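Novice: Mind folding the following:
(chains A and B)
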2 protein chains.
Amino acid sequence: MSRGLLIVVSAPSGCGKGTILEQVRKRHEFYYSVSATTRAPREGEKDGVSYHFMTKEGFEKLVSDNGVLEYASYCDNYYGTPRGPVEEMLAAGKDVVLEIEVKGAMQVKEKCPEAVLIFILPPSVDTLRHRLNKRKTETEEVIEKRVAEAAGEIAQSVNYDYVVVNDDLDEAVENFLTVIKAEKMTVKRSHALIDKISEKGDNKL
Amino acid sequence: MSRGLLIVVSAPSGCGKGTILEQVRKRHEFYYSVSATTRAPREGEKDGVSYHFMTKEGFEKLVSDNGVLEYASYCDNYYGTPRGPVEEMLAAGKDVVLEIEVKGAMQVKEKCPEAVLIFILPPSVDTLRHRLNKRKTETEEVIEKRVAEAAGEIAQSVNYDYVVVNDDLDEAVENFLTVIKAEKMTVKRSHALIDKISEKGDNKL
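Specialist: Below is the predicted model:
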């Protein structure tokens, strides 16, 4: 059995990453990594589903044991991806999706060079601004701040492997699946297959 | 406009490369490179369609002028891929397919690192032997020689970018098109797109 694919997905807020992944999941089975955090559970959050809730000491020990693929600290709390479950799934031939920020993605890229990094792009920064405006949940100032952040993040997409533009949702989902399918045909992931096929069979030769 | 994709395709004889490409062509427009050769035209062959027919001196001058992407000599004649028309098509945004042997593919890989190399595999060497036997056009000895050659070529597929197994024809065609589509989403081919999208637009920022 061939090893699963480790897929890292990032996108600026407002790019529809969640919706794309939801649709992708309906058509391609993958394990969705659950992050670990030291922040307190909010109402309704379940341990092991929303997050793996951990103590600060526990998290720090995990990090020092090389037990996370990436982590960051945000508002005095740690957030990270535990390595164990991801490794298990990959070894069992299951594809794994990590939905993480640019900095985390760069950490994963360093630790797991075989990971496939996909960046979801808006059709343009103007479209993104328009989408955020339409939500009417934030002031113009906040929106402009998020647009500026998005532009900075988009510039960092050059460190990823693929870009998928979310203009039309169905097309973006299709393109995401295309990337996964093509990656499985890369020679670097097909050595076992090539070895198997090049066996001359029947010992005739 | 983005540059076209240079697609190099190789396969051992009997793997259905021609049939796959014929089907692919119906669904994806690409320019099919016409080889140059110094051998004499056979009946019915048209210059510029079957081959570009050239004199030995003309071919050697083309090679020394860096005017071929790859070439080889076979039965005292040269065969090669003229660079000019390929470059023109790529610059015009058209995808180009080169259907060439392993040695030629390695020459193209060196000259054009941006080329995508696809190797078409049989499901197994035994299947290949079976397919060649079914044709009933060759002796068992000839078939075994071709099977041995195929096994050697398959082992060299590790120097390609992708492998597409031709078990079911429709699936192989689909997979070939998937590779082309995914390659167009790679970050290395999307720098212009990323630059365009990360422009903040409207000079608002």
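
Novice: Relative to chain B, which residue of chain A is the closest?
Specialist: Closest approach between chain A and chain B, counting by Cβ to the nearest Cβ: A:A182, at 3.2 Å. For glycine as for every other residue, the C-beta is placed from the backbone atoms N, C-alpha and C.

Novice: Pull the contacting residues for that residue.
Specialist: Residues near A:A182 by Cβ atoms under 8 Å, 6 or more residues apart in numbering or on different chains: B:Y162, B:T178, B:V179, B:K181, B:A182, B:E183.

Novice: Using JSON lines, lay out the residues you listed together with distance to A:I20 and secondary structure.
Specialist: Putting these into JSON lines (distance: Cβ to Cβ, whole Å; DSSP: H, G, I helix; E, B strand; the rest coil) gives the following:
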{"residue": "B:Y162", "distance to A:I20": "24", "secondary structure": "strand"}
{"residue": "B:T178", "distance to A:I20": "18", "secondary structure": "helix"}
{"residue": "B:V179", "distance to A:I20": "21", "secondary structure": "helix"}
{"residue": "B:K181", "distance to A:I20": "16", "secondary structure": "helix"}
{"residue": "B:A182", "distance to A:I20": "16", "secondary structure": "helix"}
{"residue": "B:E183", "distance to A:I20": "20", "secondary structure": "helix"}
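
Novice: and A:D195, what helix or strand is that in?
Specialist: For A:D195, the host element (DSSP states H and E) is helix A:191-198.

Novice: Which other helices and strands does that helix contact?
Specialist: The contact analysis (3 or more Cβ pairs under 8 Å, 6 or more residues apart in numbering or on different chains; DSSP states H and E) places helix A:191-198 against strand B:116-121, helix B:140-155, strand B:162-165.

Novice: which stretches of chain A aren't confidently modelled?
Specialist: For chain A, the stretches flagged by pLDDT under 70 are A:200-205.

Novice: and the two most separated of the contacts of A:A182?
Specialist: Spanning the widest gap among the contacts of A:A182 are B:Y162 and B:K181, at 12.1 Å by Cβ to Cβ.

Novice: Neighbour count: those two, which is higher?
Specialist: Higher neighbour count among B:Y162 and B:K181: B:Y162, with 28 against 17, using other Cβ atoms under 10 Å in any protein chain shown.

Novice: So the more buried one is in contact with A:V187, correct?
Specialist: Yes. Between B:Y162 and A:V187 there is a contact under Cβ atoms under 8 Å: 6.3 Å.

Novice: Next, show the common contact partners of those two.
Specialist: B:F119.

Novice: Using PDB, write down the CA coordinates of stretch A:117-132.
Specialist: C-alpha atoms of stretch A:117-132 as PDB (Å, rounded to 0.1, in the frame of the first residue of the first chain):
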ATOM      1  CA  LEU A 117       1.300  22.600  -0.200                       C
ATOM      2  CA  ILE A 118      -1.700  24.200  -1.700                       C
ATOM      3  CA  PHE A 119      -2.600  27.900  -1.500                       C
ATOM      4  CA  ILE A 120      -6.100  29.000  -2.200                       C
ATOM      5  CA  LEU A 121      -6.200  32.400  -3.900                       C
ATOM      6  CA  PRO A 122      -9.100  34.800  -4.400                       C
ATOM      7  CA  PRO A 123      -9.600  35.900  -8.000                       C
ATOM      8  CA  SER A 124      -8.200  39.300  -7.000                       C
ATOM      9  CA  VAL A 125      -7.700  41.300  -3.800                       C
ATOM     10  CA  ASP A 126     -10.500  43.500  -5.000                       C
ATOM     11  CA  THR A 127     -12.900  40.500  -5.100                       C
ATOM     12  CA  LEU A 128     -11.700  39.600  -1.600                       C
ATOM     13  CA  ARG A 129     -12.500  43.100  -0.300                       C
ATOM     14  CA  HIS A 130     -15.900  43.000  -2.000                       C
ATOM     15  CA  ARG A 131     -16.600  39.600  -0.400                       C
ATOM     16  CA  LEU A 132     -15.600  40.800   3.100                       C
END
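
Novice: what distance separates it from the centre of its chain?
Specialist: Offset of stretch A:117-132 from its chain centre (Cα atoms, centre = their mean, to the nearest Å): 17 Å.

Novice: Same question for stretch A:78-97.
Specialist: Its chain's C-alpha centre and that of stretch A:78-97 lie 11 Å apart, by Cα atoms, centre = their mean.

Novice: How about it, which residues are buried there?
Specialist: Buried residues in stretch A:78-97, counted by 16 or more other Cβ atoms under 10 Å in any protein chain shown: A:78-83, A:86, A:89-90, A:94-97.

Novice: got the angle for the helix holding A:D195 vs helix B:140-155?
Specialist: 170 degrees (axes from the mean of the first three to the mean of the last three Cα atoms, to 10 degrees).

Novice: Next, the buried residues of helix A:191-198.
Specialist: Within helix A:191-198, the residues that count as buried by 16+ other Cβ under 10 Å are A:L193, A:I194, A:I197, A:S198.
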